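**Student:** sequence unknown, structure follows:
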């Protein structure tokens, strides 16, 4: 392993799945070497501009944005701005490098990673990129020939790259709170002690309103016999879901095993207790499921770039840890039937859990830390 660098740049953005791995490794670096100076670089309008300063790190921006595949006037204007940003960002990246003088640059995904990692590589600064999705995104594809190391979530990802010798399987970091209790302790804390399985469901912000309508049908079917405990995070569609349940004659006060929340704030506890999770296939969610070994019924979001969520989900499906339904197939009745099939078979549940666990990589933050320090 190399020496701990004095100055490190993390560059990431777009989604929490890109930002959270960087934050986890940055914290580990500071735990090991508190004198390390860390700078985060992201896009001026990305999620990172809120998450990173809130975590207490210095943050700078480059101008970078995506290209849209449309000829509508608004999209053409957007693309013209993106082209201008593409020409502007390399100069901004080089200026940041000259000023901060990093000894290591680590990209964890998002468009902002591209100009920073490329500029660092051309300047002879050691670079590494981490891809949290199962299939490399556009930024990773573009940076593959520049980065010294490419870090991926699972072994099956290695075959996606031209030079496997530069690919290291590190996993994707998961928040430590997920491992502070056993499944039994989590169930006791949630008041689930009657032996019935627990379903946990959430759909995120992209397309959540449509999926919440389907969950109204799902919950109405459950209400007939309450075969399971169920915690559903409705997000911004909470009020609309309650109205939809009322229209179906379901009063949640009469069904104590069915719980609908605006948000699941204690996700570490709830996922730890779960026997089956119904969800999208974002990188952070996939990492948590594989870390905990929880079977999943996944409906990939069709609203994401390059259909990467379905690609994530299919890797889990091929391994045997998940059942995948496209959104066009996932009505409330089908979701309920598929859930029953999984939960009524202890053997199938155990096999899916084992498959998920086999995909997970423990100590991902430490593995990333070791990999990048070896470059310095």
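**Tutor:** Everything's here; your move. Everything numeric in this text was worked out from a predicted model, so none of it was measured.
**Student:** What are the boundaries of the strands in the stretch 251-376 of the chain?
**Tutor:** Applying DSSP state E, counting those that start in this stretch to the stretch 251-376 of the chain gives strands spanning 258-261, 276-279, 296-298, 322-324.
**Student:** Paired strands for the third one, with orientation please.
**Tutor:** When sheet partners are counted by DSSP bridges, strand 296-298 sits next to strand 276-279 (parallel), strand 322-324 (parallel).
**Student:** Mean pLDDT and distance to residue 48 for the strands of the stretch 251-376 of the chain - can I get that in TSV?
**Tutor:** C-beta: built from backbone N, CA, C; applies to glycine. Shown next, in TSV, are these (pLDDT from 0 to 100; distance: least, CB to CB, whole Å):
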stretch	mean pLDDT	distance to residue 48
strand 258-261	97	27
strand 276-279	98	23
strand 296-298	98	26
strand 322-324	98	29
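**Student:** List the buried residues in the longest strand anywhere in the chain.
**Tutor:** The longest strand of the chain (DSSP state E) is strand 37-43. For strand 37-43, the buried set under the neighbour-count rule, 16 or more other CB atoms under 10 Å, comprises 38-43.
**Student:** all helices of the chain, in order?
**Tutor:** For the chain, the helices defined by DSSP state H occupy 16-32, 48-54, 73-100, 113-122, 138-143, 183-189, 208-223, 238-247, 267-273, 283-292, 308-319, 332-343, 346-359, 364-373.
**Student:** returning to what we had before: which among the strands of the stretch 251-376 of the chain is found nearest to residue 199?
**Tutor:** strand 276-279 (5.2 Å; CB to CB).
**Student:** got a list of contacts for the closest one?
**Tutor:** With contact meaning CB atoms under 8 Å, 6 or more residues apart in numbering, strand 276-279 is reached by 197-204, 271, 285, 289, 294-299, 335, 339, 342-343, 349.
**Student:** Swap in 6 Å and give it another go.
**Tutor:** 199-202, 285, 294-297, 342-343 (CB atoms under 6 Å, 6 or more residues apart in numbering).
**Student:** about what we covered before: nearest to residue 145 among the buried residues of strand 37-43?
**Tutor:** Out of those, the member with the shortest distance to residue 145 (by CB to CB) is residue 41, at 20.8 Å.
**Student:** what bridges to the closest residue to the closest one other than its chain neighbours?
**Tutor:** Leaving out its chain neighbours, the residue that sits closest to residue 41 by CB to CB, 6 or more residues apart in numbering is residue 11, at 4.4 Å. Assessed by DSSP bridges, residue 11 has beta-bridge partners residue 41, residue 107.
**Student:** show me what contacts residue 11?
**Tutor:** Going by CB under 6 Å, 6+ apart, the list of residues near residue 11 reads 41, 107, 112-113, 116.
**Student:** Look up the closest residue to the most centrally placed residue in the chain, ignoring the ones flanking it.
**Tutor:** With distances taken as CA atoms, centre = their mean, residue 284 lies nearest the centre of the chain, 2.0 Å away. Residue nearest to residue 284 in three dimensions, not counting chain neighbours: residue 17, with 4.4 Å by CB to CB, 6+ apart.
**Student:** any weak-confidence spans in the chain?
**Tutor:** 1-2, 64-71, 74-88, 206-207 (pLDDT under 70).
**Student:** now residue 43: how far from residue 37?
**Tutor:** Counting by CB to CB, to the nearest Å, the gap from residue 43 to residue 37 is 22 Å.
**Student:** Adding distance to residue 362, write the strands of the stretch 251-376 of the chain out as TSV.
**Tutor:** Shown next, in TSV, are the strands of the stretch 251-376 of the chain (distance: least, CB to CB, whole Å):
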stretch	distance to residue 362
strand 258-261	30
strand 276-279	20
strand 296-298	19
strand 322-324	20
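**Student:** Which stretch among those approaches residue 93 most closely?
**Tutor:** Proximity to residue 93 (CB to CB) singles out strand 276-279 among the strands of the stretch 251-376 of the chain, at 35.2 Å.
**Student:** Now for the spatially closest residue to residue 160 that is not a sequence neighbour, how many residues are close by?
**Tutor:** Spatial nearest neighbour of residue 160, excluding adjacent residues (CB to CB, 6+ apart): residue 136 at 5.5 Å. When neighbours are defined as other CB atoms under 10 Å, residue 136 has 22 of them.
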